[in-house]
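J.: Whatever this is, show me its structure:
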Amino acid sequence: MLPVAMAKQGAQEVEWQFDAVDIRPVERWLVQSLAKPASMSVTPACVQTIVDTYTDTDDWRLYRAGYSLRIRRTVSRFEATLKGLDAAVDGLRLRQEISQPVASADLSGLPAEGGPVGDRVRAMIGNSHLEPLFQVRTRRKIFQLDAGGAPAAEIVLDQTTIPVADGHEPARLRRVEVEARGVRRGHRLNDLLPPTEAVHRRVQSLQRGLEPPHRAPDPE
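T.: Sure thing, here's the model as predicted:
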């Protein structure tokens, strides 16, 4: 069991999330911005390869309680994240996010492991078992935006593949996310990222993953 002190406590995630026809115009603008001194600066952070496994019980207890649960694997770590399924408004999503490091991608031991995610999952599912739903594989480029010398936002450019069963073509997503870092709620998206025809509508990995041929919960 990992020490609870190592786990990130719950926080409100403030982000704009958009499906994109083509993320290259956004990346070009970000790269061009690196050479333009201004009150808002852009710094390339890193490139990541991410594998997310979404999970729930066979009777969808987490989904029905208004949460999604994923286990994220990167090169150096595993992390469990519980997120609220609050709807976005004009691409802006405000929702609770709780994460903690875990020892592996094994889902079965998470409720017993404890910590801010494990404890909450155990409270919602009781003695039920977690089952994997689907995987999301992402190549992610991250850029840091600073305003006045202080972190303002993180811009993420994702190219995502969601494998599906039975020989169906994988779902492929291109997405732009802008996650606020100390930005006031009233800030416009245009203050962080200029509008582009490449970005048009919000999408959520869990919603896309639950589309056929993946199974989805029965209506109430």
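J.: chain center to stretch 103-115: distance?
T.: Stretch 103-115 has its average C-alpha position 20 Å from the chain's average C-alpha position, going by C-alpha atoms, centre = their mean, to the nearest Å.
J.: end-to-end on it?
T.: End-to-end distance for stretch 103-115: 12 Å, by C-alpha to C-alpha, to the nearest Å.
J.: pLDDT averaged over that stretch - what is it?
T.: Taken as a whole, stretch 103-115 has a mean pLDDT of 86.
J.: Can you give me the buried ones in that stretch?
T.: Leu107, Leu110, Pro111, Glu113, Gly114, Gly115 (16 or more other C-beta atoms under 10 Å). (Each C-beta comes from the backbone N, C-alpha and C, glycine too.)
J.: Give me the contact list for stretch 144-157.
T.: For stretch 144-157, the surrounding residues in contact (C-beta atoms under 8 Å, 6 or more residues apart in numbering) are 23, 26-27, 30, 39-45, 140-143, 175-183, 192-193.
J.: what about it, distance to the chain center?
T.: 18 Å.
J.: ok, what's across the strand from the closest residue to Met40 other than its chain neighbours?
T.: Spatial nearest neighbour of Met40, excluding adjacent residues (C-beta to C-beta, 6 or more residues apart in numbering): Ala147 at 4.9 Å. Note on Ala147: beta-bridge partners by DSSP bridges are Met40, Ala150.
J.: quick one on the thing from earlier: buried ones among the contacts of stretch 144-157?
T.: Using 16+ other C-beta under 10 Å as the burial test, these include 23, 26-27, 30, 41-42, 140-143, 175-180, 183, 192-193 as buried.
J.: So which of these are in strands?
T.: In strands, judged by DSSP state E, the following of these are found: Ser41, Val42, Arg140, Lys141, Ile142, Phe143, Arg175, Val176, Glu177, Val178, Glu179, Ala180.
J.: Widest-spaced pair of the residues you listed?
T.: Ser41 and Arg175 (23.4 Å; C-beta to C-beta).
J.: All the strands of this structure, residue numbers only.
T.: Counting by DSSP E, the chain has these strands, from start to end: 8-20, 40-56, 67-73, 78-84, 92-102, 131-147, 150-162, 171-180, 199-201.
J.: Check those for me and report the most buried one.
T.: Ranked by mean neighbour count under mean count of other C-beta atoms under 10 Å, those are led by strand 67-73, which reaches a mean of 21.
J.: got the angle for that strand vs strand 78-84?
T.: Computed by axes from the mean of the first three to the mean of the last three C-alpha atoms, to 10 degrees, the angle separating strand 67-73 from strand 78-84 equals 160 degrees.
J.: Dump strand 67-73 to CSV, keeping only the CA atoms.
T.: Backbone C-alpha positions of strand 67-73 (Å, rounded to 0.1, in the frame of the first residue of the first chain) are rendered in CSV as follows:
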residue,chain,number,x,y,z
TYR,A,67,-17.9,9.4,-11.9
SER,A,68,-15.4,7.8,-14.2
LEU,A,69,-12.4,5.8,-13.0
ARG,A,70,-9.2,5.3,-15.0
ILE,A,71,-5.8,3.8,-14.4
ARG,A,72,-3.1,5.7,-16.3
ARG,A,73,0.2,4.2,-17.3
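J.: which residues touch the nearest residue to Leu173 once chain neighbours are set aside?
T.: Residue nearest to Leu173 in three dimensions, not counting chain neighbours: Thr160, with 4.2 Å by C-beta to C-beta, 6+ apart. Contact partners of Thr160, counting by C-beta under 8 Å, 6+ apart, are Val136, Arg137, Thr138, Arg139, Arg172, Leu173, Arg174, Arg175, Ser205.
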